[in-house]
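Enquirer: have a look at this prediction, sequence included:
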Amino acid sequence: MEKKIDESVQGATLTLEINEKNTRKLYIESYGCQMNFSDSEIVASILAKEGFNTTQELSEADLVLVNTCSIREKAELTVRKRLEKFNAVKKINPNMKVGVLGCMAERLKDKFLEEEKIVDMVVGPDAYKDLPNLIQEIDEGKNAVNVILSKDETYGDVAPVRLNSNGVTAFVSITRGCDNMCTFCVVPFTRGRERSRDPQSILEEVNDLWDKGFKEITLLGQNVDSYLWYGGGLKKDYDKASEIQKASAVDFAKLLELTALAQPKIRIRFSTSNPQDMTLDVIRVMAKFENICNYVHLPVQSGSNRILKAMNRLHTREEYFELIDNIRELIPDCAISQDMITGFPTETEEDHKDTLSLMEYVKYDYGFMFAYSERPGTLAARKLEDDVPLETKKRRLAEVIEVQRKSSLYRTQQHVGKVQEVLIEGPSKKSDAHWMGRNSQNTVVVFPKENYKIGEFVNVKSYDCTSATLIGEAVGYSKNN
Ligand code: SAH
Ligand code: F3S
């Protein structure tokens with residue numbers, strides 16, 4: 001199951017092909033969402049030009065970077081433990097420098113550098129191009145910091161190196177930041193205002209990935225449906241754009257279409273969609289192009305209109321159902337997944353029941369569910385008391401997870417008996433004799449390897465399943481192969 005915050009990869013280190021000329025060693029660890037993992041590839045790409053090779057051995061590192069996540073308190077606590085560990089290693093290897101990247105850098109800069117003095121460098125998500133200068137400063141024994149959030153940085157001109165890649169699937173970031181200001185969410189504060197990347201540079205990256213043998217890309221953003229390119233600049237400044245800029249603007253539906261046309265054999269996914277911004281045009285483009293996968297990640301967070309309003313999610317439960325109905329009408333076999341939060345301030349048992357009934361209606365294929373975690377600085381933290389007891393949050397979370405487990409099983413069962421195109425990503429985790437891949441709906445499929453190879457599109461007939469995995473047998477190459 002694809003996870004936005006995939007627990008199994010948290011803290012993964014990145015390694016890159018060794019460049020013999022490079023003499024310094026970089027150890028880079030990433031936490032949080034896919035955007036952070038994607039950013040770490042940009043960072044590694046910038047530092048490869050500064051004389052750094054990557055290493056997985058902490059003890060031999062000259063520079064340790066941690067790309068951090070602030071989304072929930074637990075994420076920050078995990079990173080803090082790692083920083084303590086790095087500090088202990090520094091005592092043995094005093095030449096080692098430690099830097100914090102990403103969302104926690106933005107949120108905790110002063111604390112890290114001045115109060116706790118546990119790091120040498122603090123770099124926010126929009127300042128990675130400044131890394132060469134910042135590293136020079138720490139080399140001279142100073143602390144270095146750049147947490148300036150940018151109006152136009154999209155790293156469109158930095159070709160990310162693909163790290164720990166399966167060579168088959170890759171992420172391509174298309175927007176940075178978020179303007180939605182959901183009241184529980186720290187992202188607008190740590191990643192700044194929303195801006196879109198030049199479609200030309202996106203298409204170039206996609207073409208390049210195809211040339212390198214990649215077969216599937218995921219267009220990435222906090223809110224991809226809000227993508228809008230009008231020559232650069234913040235989304236909120238679109239009103240001030242000239243008539244020519246407006247006439248030639250590219251929205252997400254258009255970008256999807258351009259991408260699908262540019263590489264008709266590459267599979268296209270995107271994440272994350274926001275119900276208030278997803279348009280019928282996007283669904284129509286999905287329906288029109290075979291190479292756009294039938295899968296939408298459409299977080300809702302709550303099924304209660306009162307809570308949706310308190311969260312500043314700018315749609316109602318009824319509007320959400322309308323969107324779901326439209327998706328199902330235009331793409332009958334479209335998979336839909338959710339993010340859900342239990343125990344948002346003031347949530348009653350009635351609100352919680354609304355969440356459960358919404359889930360029963362949609363019958364999501366997958367879900368990512370969380371107990372509310374108050375984040376300092378957010379509107380909810382400032383205006384609302386975190387008044388749902390932890391026990392209640394956890395009990396409601398367990399109930400939400402149980403409903404999801406049942407609907408995941410139901411949805412996975414619907415694929416059994418069908419022949420579906422699967423892109424092979426690698427060996428199955430459980431068996432060396434099996435390949436693992438995904439169907440268009442993003443469901444994991446495992447089947448005997450036979451003579452098929454990684455990166456091939458194969459038709460697989462499933463004959464059994466668990467709640468998240470289909471078990472099948474290949475019946476030949478798909479026509480896309
Ligand atoms: N639009 C983003 C959302 C990032 S946060 C995206 O690309 O997916 C991912 C999920 O974390 C959110 O959808 C929400 O369900 C959850 N989340 C965010 N803030 C949270 C908080 N304060 N407490 C609990 N869960 C939270
Ligand atoms: Fe956060 Fe809402 Fe944006 S969840 S990332 S503020 S869409």
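Expert: Perfect, I can see it now. Ligands and ions are numbered 1, 2, ... in the order given.

Enquirer: how many residues are close by Asp239?
Expert: Residues lying near Asp239 (other CB atoms under 10 Å) number 6. All C-beta spots, glycine's among them, are computed from the backbone N, C-alpha and C.

Enquirer: how about Ile471?
Expert: Ile471 sits with 17 neighbouring residues when counted by other CB under 10 Å.

Enquirer: wait, what's in contact with it?
Expert: With contact taken as CB atoms under 8 Å, 6 or more residues apart in numbering, Ile471 is in contact with 445-447, 462-465.

Enquirer: just the buried ones from those residues?
Expert: Buried by 16 or more other CB atoms under 10 Å: 445-447, 462, 465, out of the contacts of Ile471.

Enquirer: okay, Lys3: pLDDT?
Expert: As predicted, Lys3 sits at a pLDDT of 43.

Enquirer: sorry, wrong one. I was asking about Asn93.
Expert: On the pLDDT scale, Asn93 gets 87.

Enquirer: near ligand 1, which residues of the stretch 301-450 of the chain?
Expert: Listed as neighbours of ligand 1 in the stretch 301-450 of the chain under the rule CB under 6 Å from any ligand atom: 301, 339, 341, 370, 372-373, 375.

Enquirer: any idea which of those residues has the most stuff around it?
Expert: Ile341 (26 neighbours).

Enquirer: these two touch, right, it and Phe370?
Expert: Yes. Counting by CB atoms under 8 Å, Ile341 does reach Phe370; the two are 5.5 Å apart.

Enquirer: what residues does whichever strand or helix holds Tyr27 touch?
Expert: If you go by DSSP states H and E, Tyr27 is part of strand 24-30. Strand 24-30 is contacted by residues 9, 11-14, 36-37, 40, 43-44, 47, 50-58, 60-67, 82 when judged by CB under 8 Å, 6+ apart.

Enquirer: that one: partners in the sheet, and parallel or antiparallel?
Expert: strand 12-13 (antiparallel), strand 52-54 (parallel), strand 63-68 (parallel) (DSSP bridges).

Enquirer: let me know which of those is tucked in deepest.
Expert: strand 63-68 (a mean of 26; mean count of other CB atoms under 10 Å).

Enquirer: what residues are up against the residue of the stretch 201-350 of the chain found nearest ligand 2?
Expert: Ligand 2 sits closest to Gln222 of the stretch 201-350 of the chain, with a gap of 3.9 Å, by CB to the nearest ligand atom. Neighbouring residues of Gln222 by CB under 8 Å, 6+ apart: 35, 175-178, 180, 187, 191, 194, 272.

Enquirer: so which of these belong to helices?
Expert: Counting by DSSP state H, the contacts of Gln222 place 35, 187 in helices.

Enquirer: could I get the contacts of Gln222 as CSV with neighbour count and distance to Tyr295?
Expert: Formatted as CSV, the contacts of Gln222 follow (neighbours: other CB atoms under 10 Å; distance: CB to CB, whole Å):
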residue, neighbour count, distance to Tyr295
Met35, 25, 18
Thr175, 25, 19
Arg176, 25, 23
Gly177, 25, 24
Cys178, 23, 21
Asn180, 17, 22
Val187, 21, 22
Arg191, 24, 24
Glu194, 21, 23
Thr272, 21, 12
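
Enquirer: among the contacts of Gln222, which are in strands?
Expert: Judged by DSSP state E, the contacts of Gln222 include 175-176 as members of strands.

Enquirer: check the contacts of Gln222 against ligand 2, which are close?
Expert: Near ligand 2, by the rule CB under 6 Å from any ligand atom, you find 178, 180, 187 out of the contacts of Gln222.

Enquirer: for the longest helix seen in the chain, buried residues please.
Expert: Counting by DSSP H, the longest helix found in the chain is helix 390-415. Residues of helix 390-415 classed as buried: 392-393, 396-397, 399-400, 403-404, 407-408, 411-412, 415 (neighbour count, 16+ other CB under 10 Å).

Enquirer: which other helices and strands does it contact?
Expert: strand 335-342, helix 349-362, strand 366-371, strand 457-465, strand 469-477 (3 or more CB pairs under 8 Å, 6 or more residues apart in numbering; DSSP states H and E).

Enquirer: beyond that helix, next helix or strand please.
Expert: Past helix 390-415, the next helix or strand by DSSP H and E is strand 419-427.

Enquirer: can you tell me what sits against that next one?
Expert: So strand 419-427 is contacted by 166, 168-169, 215-216, 267, 434-440, 445, 447, 449, 452-462, 475, 478, 480 (CB under 8 Å, 6+ apart).

Enquirer: average pLDDT across that strand?
Expert: pLDDT averaged over strand 419-427 gives 97.

Enquirer: stretch 60-80 now?
Expert: Rounded mean pLDDT across stretch 60-80 is 94.

Enquirer: same thing with stretch 179-188?
Expert: On average, stretch 179-188 scores 96.

Enquirer: for this structure, which residues are neighbours of ligand 2?
Expert: 178, 180-182, 185, 187-188, 222-223, 274.

Enquirer: between these, which is nearest Arg72?
Expert: Cys185 (10.4 Å; CB to CB).

Enquirer: what strand or helix carries that closest one?
Expert: Applying DSSP H and E, one finds Cys185 in no helix or strand.
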